[in-house]
Structure formats: structure tokens, C-alpha cells
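In: this is the structure alone, sequence omitted:
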């Protein structure tokens, strides 16, 4: 399951690029549609597309906040991602980021919620070098191998 979470997190850093690319129609299994409705209710405007690593993604909004949900090919729910601002992070995590990332710029920041884990993923850059991190509300931060992303 951790591999699936990491695969889902791979998709989150390409959200912006994929969101506006020419999406082709995709066949969505009934299981995915049912699981979507079970997780999020009767949301009417959902855009389904293929994501990396053989996943399906559903893009939609909740209270004006863009959300992406990932499902495997069988329609099982994998994870939800939401782009967040640094000011929305828990205080302990914000303070840890300031300590850990001195001189670095956070390029992307996402909240990832999956059945087995809830974490924040972010990419930062310093001197043209990009690094991806996983972080938790308690302030724990760890690098994610760049091969995953």
C-alpha cells in the first residue's frame, strides 16, 4: 500500500500540468464511481482522467477548494490530495519547515490523505536543485527519494 501512496504522491506534483493538458475520455469502472460517491458524496462536477502508474484521478471541488482523488484500475480508493498554502500547515510543521529549509523555496505543497497515512508532501528548490519531502503535523520531515518523483 505504501507503494500506491507513493505513486499517488508522484501524481500530485504533476497536478497543474495534467489539469490543463488535453484530457481524453477515460472509461471509469462503476466501482470507482461508487467508491467516489461513498468517499465524497454526490458531487456533480467531476473530471475523470488517467494518472501516472495506471491510476485514475478524479478532479473536483469542495467549497471552492480543488481536490484530486486517486483510484487504482479496479476502482479502489487510494488517496486524496489538496494543494495547500504554508499558512494552512499546523504550527509545529511550519516551524520545522523554517528550520529545515533555510534558504530554500517551497515550490509545491500538498496534503495527502490515504487510508494508511496522512502527510504533507512538498518540493523545494535551492540553487536549481529540487528535492521532495514528506512531512507530518508533528513536525517530522524526511526526504523522499528523487527516483519516485
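Out: Ah, there it is. Computed from a predicted structure; not experimentally measured.

In: show me the contacts for the residue of the chain most remote from its centre.
Out: Residue farthest from the centre of the chain, counting by C-alpha atoms, centre = their mean, is residue 127 at 25.1 Å. Residue 127 makes no contacts at all, as judged by C-beta atoms under 8 Å, 6 or more residues apart in numbering. Every C-beta, even on glycine, is put in place using the N, C-alpha and C of the backbone.

In: how far away is it from residue 27?
Out: 44 Å (C-beta to C-beta, to the nearest Å).

In: ok, residue 143 next?
Out: Using C-beta to C-beta, one gets 37 Å for the distance from residue 143 to residue 27.

In: again with residue 64
Out: Noted for residue 64: a distance of 29 Å to residue 27, by C-beta to C-beta.

In: what does residue 128 give?
Out: Taking C-beta to C-beta, one finds residue 128 at 41 Å from residue 27.

In: how about residue 122?
Out: 33 Å.

In: when those two are compared, which one has more neighbours?
Out: Each of residue 122 and residue 27 has its neighbours counted (other C-beta atoms under 10 Å); residue 122 has more, 24 against 8.

In: identify the bridge partners of that one.
Out: Beta-bridge pairing for residue 122 (DSSP bridges): residue 109, residue 133.

In: list the contacts for it?
Out: Contacts of residue 122 by C-beta under 8 Å, 6+ apart are 106, 107, 108, 109, 110, 132, 133, 135.

In: what of residue 141?
Out: 93, 96, 97, 100, 133, 134, 135.

In: among those residues, which ones are in helices?
Out: Counting by DSSP state H, the contacts of residue 141 place 93, 96, 97, 100 in helices.

In: hang on, residue 66 in a strand?
Out: Yes: counting by DSSP: H, G, I helix; E, B strand; the rest coil, residue 66 is part of a strand.

In: quick one: the closest residue to it other than its chain neighbours and residue 64, what's the gap?
Out: Nearest residue to residue 66 in three dimensions, chain neighbours excluded: residue 83, at 6.6 Å (C-beta to C-beta, 6 or more residues apart in numbering). To residue 64, residue 83 is 13 Å away according to C-beta to C-beta.
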